[in-house]
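Participant: Just to be clear, the model below is a prediction. Sequence and coordinates:
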Amino acid sequence: EDKVVQSPLSLVVHEGDTVTLNCSYEVTNFRSLLWYKQEKKAPTFLFMLTSSGIEKKSGRLSSILDKKELFSILNITATQTGDSAIYLCAVEAIGQGAQKLVFGQGTRLTINP
Amino acid sequence: NAGVTQTPKFRILKIGQSMTLQCAQDMNHNYMYWYRQDPGMGLKLIYYSVGAGITDKGEVPNGYNVSRSTTEDFPLRLELAAPSQTSVYFCASSYKEGGPQHFGDGTRLSIL
């Protein structure tokens, strides 16, 4: 059974700190790993990492994928209160006929001013 | 820029009632998905569709049904509501296999 585990489940830091969120996975025929940010409503897409793109960066956010050790990290530098959200990691397998994502439990990040 | 639209946003049902959660997308995406999210948990796939007329079960399909008569719409039906179906339901769509999914704002459903 495909499995995604995120850690920590909850994290509280001060504005300006740097945080690292972890995602480990077990999946047959890995295709991609995706990070989403979920505030009050819909999850919004952050990054997609594949065999051909194992490192992504957008502003203060960056992510890497280690296909050998089967994990990914999401890094946020100089955190702001607007970064407070649940961060979801999801993995997709090849050959499912659709993008059937398996999600982790999420990391609830709280940034205090 | 409507994207994925879900209705209603909130609903309270009594045990045994039925209802349909609506989902529509205007991005001409072939793939559509229904997830449920329980407190403190990630999203679990209920049903998905790769095109009009084609649907398939996900991880937790029991107690639900779907149909896909058009590219734009993908309604989810609960026939006999049970307390275990209290959850937040998200609809999503993607252009193709291997592309990021775009989510609606969710429907918060309580079964009492």
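Facilitator: On my side now, so go ahead. Numbers count the residues shown, from 1 in each chain, chains lettered A, B, ... in the order given.

Participant: what ranges do the strands span in chain A?
Facilitator: A:3-7, A:10-14, A:19-26, A:30-38, A:43-50, A:55-58, A:61-66, A:71-76, A:85-93, A:101-103, A:107-112 (DSSP state E).

Participant: again but with chain B, I slipped
Facilitator: Using DSSP E, strands in chain B cover B:4-7, B:10-13, B:19-25, B:31-37, B:43-51, B:54-57, B:64-66, B:76-78, B:87-94, B:102-103, B:107-111.

Participant: Serialize those to CSV and add fields for mean neighbour count, distance to chain A and mean pLDDT.
Facilitator: Every residue, glycine included, has its C-beta placed from N, CA and C. Output for the strands of chain B, formatted as CSV (neighbours: other C-beta atoms under 10 Å in any protein chain shown; distance: least, C-beta to the nearest C-beta, whole Å; pLDDT from 0 to 100):
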stretch, mean neighbour count, distance to chain A, mean pLDDT
strand B:4-7, 18, 8, 96
strand B:10-13, 14, 12, 96
strand B:19-25, 19, 12, 97
strand B:31-37, 25, 5, 95
strand B:43-51, 21, 5, 93
strand B:54-57, 14, 7, 93
strand B:64-66, 19, 13, 97
strand B:76-78, 18, 16, 97
strand B:87-94, 24, 5, 95
strand B:102-103, 21, 4, 94
strand B:107-111, 18, 10, 96
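
Participant: To residue A:29, which of the ones you listed lies closest?
Facilitator: Go through those one by one with C-beta to C-beta and the one that ends up closest to residue A:29 is strand B:43-51, at 16.8 Å.

Participant: Any idea which of the strands of chain A gets closest to residue B:66?
Facilitator: Comparison of these against residue B:66 by C-beta to C-beta identifies strand A:101-103 as nearest, at 17.1 Å.

Participant: who's in contact with that closest one?
Facilitator: Residues outside strand A:101-103 that contact it (C-beta atoms under 8 Å, 6 or more residues apart in numbering or on different chains) are A:2-4, A:25, A:27, A:34, A:88-93, B:35, B:42-45, B:101.

Participant: Tell me the buried residues within those.
Facilitator: Burial by neighbour count, 16 or more other C-beta atoms under 10 Å in any protein chain shown: within the contacts of strand A:101-103 this picks out A:2, A:4, A:25, A:27, A:34, A:88-93, B:35, B:42-45, B:101.

Participant: my guess is residue B:48 meets residue B:29, correct?
Facilitator: No. In this structure, residue B:48 is not within contact of residue B:29 by C-beta atoms under 8 Å, at 11.8 Å.

Participant: can you tell me which residue is nearest the centre of chain B?
Facilitator: Centroid-nearest residue in chain B, with C-alpha atoms, centre = their mean: residue B:34, separated by 3.1 Å.
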